[in-house]
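S.K.: Provided below are the primary sequence and the corresponding predicted coordinates.
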Amino acid sequence: MWRFTRNNGITEGLHNKMELINRQAYGFRNFQNYRLRVKVLCS
């Protein structure tokens, strides 16, 4: 942490969004729909 000035905040934010989508989309049968929602919300 002290040597490098960058952190993984952006990655953690995208991960949290994907987890939220996963919780909301519980029961979706099509992985492509989940993938498209992730692309739309995280781009």
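M.R.: Done, it's in. Numbers count the residues shown, from 1 in each chain.

S.K.: centre-most residue in this structure?
M.R.: M18 (2.8 Å; C-alpha atoms, centre = their mean).

S.K.: name the nearest residue to it, ignoring sequence neighbours.
M.R.: Once flanking residues are discounted, M18 sits nearest to V38: 5.5 Å by C-beta to C-beta, 6 or more residues apart in numbering. (Each C-beta comes from the backbone N, C-alpha and C, glycine too.)

S.K.: what packs against the helix or strand encompassing that neighbour?
M.R.: Using DSSP states H and E, V38 maps to helix 31-41. Contact partners of helix 31-41 among helices and strands, from 3 or more C-beta pairs under 8 Å, 6 or more residues apart in numbering; DSSP states H and E: helix 9-24.

S.K.: residues in contact with the helix holding V38: which ones?
M.R.: Applying C-beta atoms under 8 Å, 6 or more residues apart in numbering, the external contacts of helix 31-41 come out as 17-18, 21-22, 25, 28.

S.K.: now those residues as TSV including pLDDT and distance to N7?
M.R.: TSV is the format used below for these (pLDDT from 0 to 100; distance: C-beta to C-beta, whole Å):
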residue	pLDDT	distance to N7
K17	86	17
M18	85	19
I21	81	23
N22	80	24
A25	72	29
F28	69	32
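
S.K.: derive a ChimeraX selection command for the buried subset of those.
M.R.: Buried residues among those (16 or more other C-beta atoms under 10 Å), as a ChimeraX selection:
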select :21
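
S.K.: return the helix or strand in this protein with minimum mean pLDDT.
M.R.: Here the helix or strand of the chain ranked lowest by mean pLDDT, DSSP states H and E is helix 31-41, holding a mean of 82.
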